[in-house]
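1. Can you look at this prediction? I've put the sequence above it.
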Amino acid sequence: MADLTVEIAGIRSPNPFWLASAPPTNTGFQVERAFEAGWGGAVWKTLTDRPVRNVSSRFGALHIADKRMVGFNNIELISDRPFEDNLAEIRQVKRRFPDRAVVASLMIEPDKKQWQEAVRKVEDAGVDGIELNFGCPHGMVERGMGAAVGQHPDLIQRQTAWVKSAATVPVIAKLTPNVTDIRASARAAVAGGADAISLINTINSIIGVDLKAHVPRPTVAGLGTHGGYCGPAVKPIALYMVAECAKDDAVCVPISGIGGIATWQDAVEFLLLGASSVQVCTAVMQHGFRIIEDLVDGLNRFLDESGVGGVRDIVGKALPNYVPFGSLDLDHRVVASIDAERCIGCYKCYIACLDSAHQAIAPGDAEARVPSVLVDRCVGCNLCEAVCPVACIEMIPMTELVGQCQVSSVTAHP
Amino acid sequence: MTGAETVQVPLSPTMSDVEAMAEAARCLFCEDPPCVRACPTGIDIPLFIRKIVSGNRVGAAKTIFDANPLGASCARVCPTDELCEGACVWGKSSRPVEIGRLQQYATDAVLERDVALYDPPSQPIPHRFAIIGAGPAGLAAARELALAGAQITIYEREHSPGGLNTYGIPPFRLSADVAVAEAEMILSLGVHFERGVEVGTHVRPEELLDSYDGVLLACGLDAGRRLGIEGEDLEGVMDALTFLRMAKEGRARAGREVVVIGAGNTAMDAATTARRLGAERVTIVYRRSEQDMMAYRFEYAFAKSEGVQFRWRLMPVGFVGDGAVQVVRCRQTEADPSGAWRLAEREERLPADQVIVAIGQARRWDLLDAFQVPHRDGAVTVDEQGRTGRPKVYAAGDCVWSGKGAEATVVVAVEQGKRAARAMLNDALSRRVENGVAAEGSAWPT
Ligand SMILES: Cc1cc2nc3c(=O)[nH]c(=O)nc-3n(C[C@H](O)[C@H](O)[C@H](O)COP(=O)(O)OP(=O)(O)OC[C@H]3O[C@@H](n4cnc5c(N)ncnc54)[C@H](O)[C@@H]3O)c2cc1C
Ligand SMILES: Cc1cc2nc3c(=O)[nH]c(=O)nc-3n(C[C@H](O)[C@H](O)[C@H](O)COP(=O)(O)O)c2cc1C
Ligand code: SF4
Ligand code: SF4
Ligand code: SF4
């Protein structure tokens, strides 16, 4: 059994899986259920000192073919429950589950005293850390909160500093992806004294439009607004942003990775690109807390099979291999190779290559229907591999195909 | 449920939206899809399935009906294991896409909601065609000719259109309601339907040849063949087509102890129908061995799963009973080294209060002779386009089936009807041009 415990800016948890600040952490009841199921930590649904009201409806989903949800969008605000109720529940949860990480997420109006008052209250309730929500892309922005702060590095720095000057527990700045250079936000948080950063919050989005009513979805009394996008579809964006921050020497604090994590493989990717822990929202909203069983079990087996002692040992392991484009070897060539045994003859690779790539796949004979790759035409773009439904195409280095054809090459980058 | 009701319950109910969506999502939208090649009518299967996925169910139905005017019936009765689904690429690594059931889901949207998929042709053409028989072949031809703007009359000796879809195929696979509704859809395109009119009896072939630009023989096969053995006229002995027709109409009765003679598709249907009607024991008696049976493997498997029993190498030689049949006298058979079958000495007596004879349908000698079309053993000989060699006379469907090669199925009859329609139009057009009459307004592709 590998060591799954993590410590991020001094906050410990028995495994790297935290619930992100969102509907699953809205109440003590829910967080206790999550901890019973095995979650390592929870960032409480963002709290504020003045009441907010949420709309109905709030969510929209992006489905593929048979209603499998690949993206999710919300126009929900932060917690609409009384601050004091939440504090009492936090206190109780922490008493029942002292080994889990309980982090309070805060979003307060741009006023130093109000921020510090809130910090004092949540610390008093016993939280292990505080996450600053600089990311909510809708609703709170109009009041100078959330992304209104997160899109301005100077405001991030200032408000983080306000909190740091009052806080005794570690402070995590949660960043919005709705910026051109995430590193500017991260550096500002570090300059303001943040002990860690977490990212990403949701991405500005319109999830869809009602075709008959001509209203963006989700629809509230005949009108719609833009919301925050999350779920599997945002993972690539989140991975990129996490890696950018992790590689940046000026961002010298640990990272909690968030965005589209649904499986243990997703989590490992975040860890390899420099996250020290991960947070999950949409996958839980879709499947419930029980997914933690496979997240933990799968991660554990993966680490054991890789001969790695613990989670900490894989953090950032892919970063040295994440390089600028200009560092890539222009002479390296791979070509597609089809496993005839497993091929089912759908010709998706053939048509993809014909219409959208390099006309490098020829159909097979009418009976067997196993296509073949024209090695000297294949540029190794991976399109066929991407479309093959049975994963029977492998990209293999040209060097392994010795003597099959002459490779021409351009040796310098343009 | 009583037997009479059980036999009407569809074996394969229409999928729910959710089920259809999940199944449709499995289709890969293959390039040069083998499923399409395997469909005799060449339905663009990946396209109609993709339309299901996008929620465009009526559009999916249109794609199906464009290629197959009897798409709703075919969805239910096609031997899909042998055709489209048998060719689906998923068969190589998991299970094929359920094309037939998706086709049923799509086409039902049109049947249920009574959507008009086709506008009546804007430019009628002067050509007039007669079609003999409103079975799958005749209906398919009528649809193609109607869309081209021609004037069509179908002569049908029965009251309802549909042929064996309406009067033969067991109701639990295809209800008469669906068969008739689909036929009505075609007739509503301006096709003149002469019901209850038998060509050869009420109308003379020469009349048709004189007054039409082309005549299509789509008369199918005749009543079930007789064994020609002792006791065949006893009460309780009937031919399978009569029995199935009564089942279709909800007035069939099954005996307690039923013997079905023959092991082709119709025998399987008669046997399973009898079981569903409440027969305690149904035994199929076949004079040859299991390997020689004509039925498809899936039909055989289905019959066994319905509790039908099988006796191989047994030949009925007579029926015994006092007014009504009580016993089937059989002789065992054996193959000699040359492969020929002969009767062995041993006789066996099987008790039976109902005997259903399913040894194939007779040929339409009468009609073929009346039209003087060339035929081989009662099967009209035609070219790929259904031309009989006799000017203006075409044939399609079961009446051209040679007993070998492509099976006599609904989907094959439909494709033959489509092709014959094209040939009829092309030939009529060129005849008019030859005769100096300008071909008016037809855009029929040549
Ligand atoms: C019991 C049974 C089960 C079957 N099951 C299946 C199945 O599951 N799947 C499948 O694909 N196929 C099945 N078939 C075969 C299929 O039904 C036929 O291949 C198909 O119906 C042939 O179509 P057709 O138009 O050539 O002939 P038919 O369907 O026989 O239609 C011929 C029509 O012509 C009419 N007619 C005949 N003579 C005249 C005349 N002189 N004047 C006016 N009208 C006339 C008849 O009344 C009839 O309506 C089955 C057949 C039988 C008997
Ligand atoms: C309905 C909903 C409400 C959310 N509310 C908050 C919130 O109050 N505070 C916050 O910091 N993030 C909030 N988030 C963002 C999530 O914490 C998380 O950053 C984002 O959803 C990406 O992770 P995921 O792809 O696992 O969902 C919310 C997300 C959703 C879907
Ligand atoms: S996409 Fe894959 S399964 Fe399909 S033909 Fe190509 S190699 Fe074979
Ligand atoms: S018509 Fe029959 S063979 Fe053709 S696609 Fe439909 S079910 Fe398959
Ligand atoms: S072969 Fe199967 S997967 Fe491919 S297009 Fe046809 S039904 Fe779809």
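-> On my side now, so go ahead. Ligands and ions are numbered 1, 2, ... in the order given.
2. In the chain, where is pLDDT below threshold?
-> Reading this off chain A. For chain A, the stretches with pLDDT under 70 are A:137, A:402-414.
3. Oops, wrong one, chain B.
-> B:1-4, B:405-406, B:436-446.
4. give me the number of residues near B:Asn435?
-> Close neighbours of B:Asn435, defined as other Cβ atoms under 10 Å in any protein chain shown, add up to 7. (Glycine included, C-beta is placed from N, CA and C.)
5. what's around residue 401, how many residues?
-> The chain I'm using is chain A. 16.
6. try again with chain B
-> Counted with other Cβ under 10 Å, B:Trp401 comes out at 22.
7. Find the nearest non-adjacent residue to it, please.
-> Nearest non-adjacent residue to B:Trp401, counting by Cβ to Cβ, 6 or more residues apart in numbering or on different chains: B:Ala408, 4.2 Å away.
8. Just give the number of residues close to residue 330.
-> All of this refers to chain A. 12.
9. Please refer instead to chain B.
-> 23.
10. same deal with A:Ser256?
-> 29.
11. sec struct for it, please.
-> strand (DSSP: H, G, I helix; E, B strand; the rest coil).
12. still on that earlier bit, the residue nearest to B:Trp401 contacts B:Cys399, doesn't it?
-> No. Contact criterion Cβ atoms under 8 Å: B:Ala408 and B:Cys399 do not qualify, at 9.6 Å.
13. hang on, the earlier thing: for the residue nearest to B:Trp401, give its distance to chain A.
-> Counting by Cβ to the nearest Cβ, to the nearest Å, the gap from B:Ala408 to chain A is 26 Å.
14. Please apply the same query to B:Asp32.
-> 6 Å.
15. Would you check how far apart that residue and A:Tyr350 are?
-> 8 Å (Cβ to Cβ, to the nearest Å).
16. Pop out the phi and psi values for A:Val335.
-> Backbone torsions of A:Val335, given as degrees, to the nearest 10, read phi -130, psi 150.
17. Likewise for B:Gly318?
-> phi -180, psi 160.
18. Enumerate every residue touching it.
-> By Cβ atoms under 8 Å, 6 or more residues apart in numbering or on different chains, B:Gly318 lies in contact with B:229-231, B:328-329.
19. Next: B:Ala421.
-> Here B:Ala421 is in contact with B:140-145, B:148, B:216 (criterion: Cβ under 8 Å, 6+ apart).
20. okay, now the closest residue to ligand 2 within the stretch 101-250 of chain A: neighbour count?
-> Residue of the stretch 101-250 of chain A nearest ligand 2, by Cβ to the nearest ligand atom: A:Cys230 (3.2 Å). When neighbours are defined as other Cβ under 10 Å, A:Cys230 has 27 of them.
21. So what pairs up with it in the strands?
-> A:Phe72 (DSSP bridges).
22. and it, what does it touch?
-> So A:Cys230 contacts A:71-74, A:202-203, A:259-260, A:281-282 (Cβ under 8 Å, 6+ apart).
23. just B:Leu234 next, same as before
-> B:Leu234 is in contact with B:319, B:321, B:323-325, counting by Cβ under 8 Å, 6+ apart.
24. phi, psi of the closest residue to it other than its chain neighbours?
-> Spatial nearest neighbour of B:Leu234, excluding adjacent residues (Cβ to Cβ, 6+ apart): B:Val325 at 4.4 Å. Backbone torsions for B:Val325, taken as degrees, to the nearest 10, come to phi -70, psi 140.
25. mind checking how far the residue of the stretch 151-300 of chain A found nearest ligand 5 is from A:Thr263?
-> Distance from ligand 5 to each residue of the stretch 151-300 of chain A (Cβ to the nearest ligand atom) is smallest for A:Pro232, at 23.9 Å. Going from A:Pro232 to A:Thr263 by Cβ to Cβ gives 9 Å.
26. More neighbours: which of these two?
-> Relative neighbour count places A:Pro232 above the other of A:Pro232 and A:Thr263, with 22 against 15, counting by other Cβ under 10 Å.
27. Please work out how many residues are found near the residue nearest to B:Trp401.
-> B:Ala408 has 20 nearby residues by other Cβ under 10 Å.
28. what sits against it?
-> So B:Ala408 contacts B:221, B:398, B:401 (Cβ under 8 Å, 6+ apart).
29. Okay, helices next: where are they in chain A?
-> Using DSSP state H, the helices of chain A run over A:28-37, A:83-96, A:112-124, A:147-150, A:153-166, A:182-191, A:235-247, A:264-272, A:282-287, A:291-305, A:348-356, A:383-387.
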